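Peer 1: got a predicted model here, sequence first, then my questions.
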Amino acid sequence: DQHAAHERILYEKFMAQRYGTQQGDVARQQLLEPLTLHVGDELTGLVSQHMTALNRVGFEVENFGGDTFLVRAVPSVLSGDDPLRSVEEIVHSLAERRNLVEEELEARLVKMVCKRAAIKAGQQLSLLEMRELLHQLEACQSPRTCPHGRPTMIQLSAGELEKAFGRI
């Protein structure tokens, strides 16, 4: 599963940047112009409450007054994505899980960012891209599952393959 595999790769790189071998700030992409994020009155408190966690995982968010926030940067893994849509989806996901403690919140944010940034299922990859994806996956500490627990690969016996192709 190329999506699950890429999600695992991004997650482990992100965690290494944040906590591990490269310990420090997560790489972020500064936006040329800040984005205006309107969250509505019901989510204003939630975003304000979790602004520090959002900033720790690579966003640069600040209160602009009322239900409006400015987004000045996004995690660099999201730089090719629609940044406003990414932030909106993450905020709405946070609203579904309001009772997370700080450590769980940050881990969930990292997983959401990686899921959003990962290669999509069915996306066409070149042979070189496929090889590089497998090479990077082999270097992961937990290569068999994505951060959410879905398998990145499955093992089939010769018998299972023969059966699938009608040889048995």
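Peer 2: Received it, and whenever you're ready, just let me know what you need.
Peer 1: now do the buried residues in stretch 34-54.
Peer 2: Buried positions in stretch 34-54, judged by neighbour count with 16 or more other CB atoms under 10 Å: 34-35, 37, 39, 43-44, 47, 50-51, 53-54. In short, each C-beta sits where N, CA and C put it, glycine included.
Peer 1: give me the contact list for that stretch.
Peer 2: For stretch 34-54, contacts defined as CB atoms under 8 Å, 6 or more residues apart in numbering pick out 61-64, 66-72, 83-84, 87-88, 90-92, 94-95, 98, 102, 105-106, 109.
Peer 1: returning to that earlier point: just the closest of the buried residues of stretch 34-54 to residue 125, please.
Peer 2: Using CB to CB, residue 35 comes nearest to residue 125 of the buried residues of stretch 34-54, at 29.8 Å.
Peer 1: three-state assignment of the closest one?
Peer 2: Secondary structure assignment for residue 35 (DSSP: H, G, I helix; E, B strand; the rest coil): strand.
Peer 1: again, but for residue 63
Peer 2: Per three-state DSSP, the secondary structure class of residue 63 is strand.
Peer 1: how about it, what does it touch?
Peer 2: Taking CB under 8 Å, 6+ apart as the criterion, residue 63 is in contact with 48, 51, 69.
Peer 1: where's the most centrally placed residue in the chain relative to residue 104, distance?
Peer 2: The chain has residue 114 as the residue nearest its centroid, 1.5 Å off, counting by CA atoms, centre = their mean. According to CB to CB, to the nearest Å, residue 114 and residue 104 sit 16 Å apart.
Peer 1: check residue 89 too.
Peer 2: Counting by CB to CB, the gap from residue 89 to residue 104 is 19 Å.
Peer 1: compare neighbour counts for the two and give me the winner.
Peer 2: Neighbour count, other CB atoms under 10 Å: between residue 89 and residue 104, residue 89 has more, with 14 against 11.
Peer 1: need the pLDDT of residue 47.
Peer 2: Note on residue 47: pLDDT of 86.
Peer 1: and it, that one's in a strand?
Peer 2: No. Under three-state DSSP, residue 47 sits outside any strand and is assigned helix.
Peer 1: list phi and psi for the closest residue to it other than its chain neighbours.
Peer 2: Nearest non-adjacent residue to residue 47, counting by CB to CB, 6 or more residues apart in numbering: residue 39, 5.4 Å away. Dihedral angles of residue 39 (phi, psi; degrees, to the nearest 10) stand at phi -110, psi -10.
Peer 1: for this protein, give me the ranges with low pLDDT.
Peer 2: Where the chain drops to pLDDT under 70, the residues are 20-25, 79-80, 97-103.
Peer 1: which residue ranges of it form strands?
Peer 2: Ranges of strands within the chain are 28-38, 60-65, 68-75, based on DSSP state E.
Peer 1: right, I'll leave it there.
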